[in-house]
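Asker: Build the 3D model from these lines:
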Amino acid sequence: MPLPLERRRIGQTRLPVRVPAVTEAIGLPGGPTRGNAENLSSGGMLLRLERTLLPGAPVRVTLRLSRRPPLSLTGAVAWVESHTDVEGWIQGIRFSEELPAEMVAEIADAEYPPWRALAR
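Answerer: Below you'll find the predicted structure:
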């Protein structure tokens with residue numbers, strides 16, 4: 001089964017990023033789980049986490065950005081999948097409020113290492 005990297009709503013472009021993330025289920029037992037955001041759009045993101053969250057669970061995701069203060073976003077788990085070639089769980093998060101497209105582009109420009117290497 002292929003990775004769910006292309007799941008998105010029509011009209012939303014997902015940009016690749018590599019950002020450490022801490023995710024907490026809001027109002028549910030269990031502590032935060034660590035992982036990485038691997039793509040970002042105005043409406044959501046793909047996370048690779050060390051443990052699974054329940055689909056539909058409300059979450060707060062804090063991104064540890066390299067050039068900005070940490071960014072906390074709220075939303076809900078849209079889907080969860082495991083994959084034999086990937087350690088941990090791949091999860092889609094749908095944001096409670098859409099991010100401005102300019103902010104998404106700025107974060108992607110700063111947080112995708114191969115792009116930084118090409119710019120030099």
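
Asker: contacts, neighbours, all on C-alpha from now
Answerer: Noted.

Asker: Go ahead and confirm H83 touches R48.
Answerer: No: look at H83 against R48 with C-alpha atoms under 8 Å: they stay out of range, at 10.8 Å.

Asker: So for these two, which residue has more residues nearby?
Answerer: R48 (24 against 13; other C-alpha atoms under 10 Å).

Asker: which neighbours do H83 and R48 share?
Answerer: W89, I90 (C-alpha atoms under 8 Å, 6 or more residues apart in numbering).

Asker: in its sheet, what does the longest strand along the chain sit against?
Answerer: Identified as the longest strand of the chain according to DSSP state E is strand 71-83. Note on strand 71-83: by DSSP bridges, its sheet partners are strand 58-63 (antiparallel), strand 86-95 (antiparallel).

Asker: so what's G56 up against?
Answerer: Neighbours of G56 in contact, by C-alpha under 8 Å, 6+ apart: A76, V77, A78, W79.

Asker: so which helix or strand takes in it?
Answerer: Assigned by DSSP states H and E, G56 belongs to neither a helix nor a strand.

Asker: same check, this time on the one 10 residues further on
Answerer: Using DSSP H and E, S66 maps to neither a helix nor a strand.

Asker: Tell me the confidence at it?
Answerer: For S66, the pLDDT comes out at 89.

Asker: Give me the distance between it and W79.
Answerer: 27 Å (C-alpha to C-alpha, to the nearest Å).

Asker: Same question for E38.
Answerer: On the measure of C-alpha to C-alpha, E38 and W79 end up 15 Å apart.

Asker: In terms of neighbours, single out the busier of these two.
Answerer: Higher neighbour count among E38 and W79: E38, with 21 against 18, using other C-alpha under 10 Å.

Asker: wait, what's in contact with that one?
Answerer: Contacts of E38 (C-alpha under 8 Å, 6+ apart): P16, V17, R18, V19, M45, L46, L47, R48.

Asker: Can I get the strands paired with strand 71-83 in a markdown table including distance to T33, mean neighbour count and mean pLDDT?
Answerer: Putting the strands paired with strand 71-83 into a markdown table (distance: least, C-alpha to C-alpha, whole Å; neighbours: other C-alpha atoms under 10 Å; pLDDT from 0 to 100) gives the following:
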| stretch | distance to T33 | mean neighbour count | mean pLDDT |
| --- | --- | --- | --- |
| strand 58-63 | 10 | 21 | 96 |
| strand 86-95 | 11 | 20 | 89 |
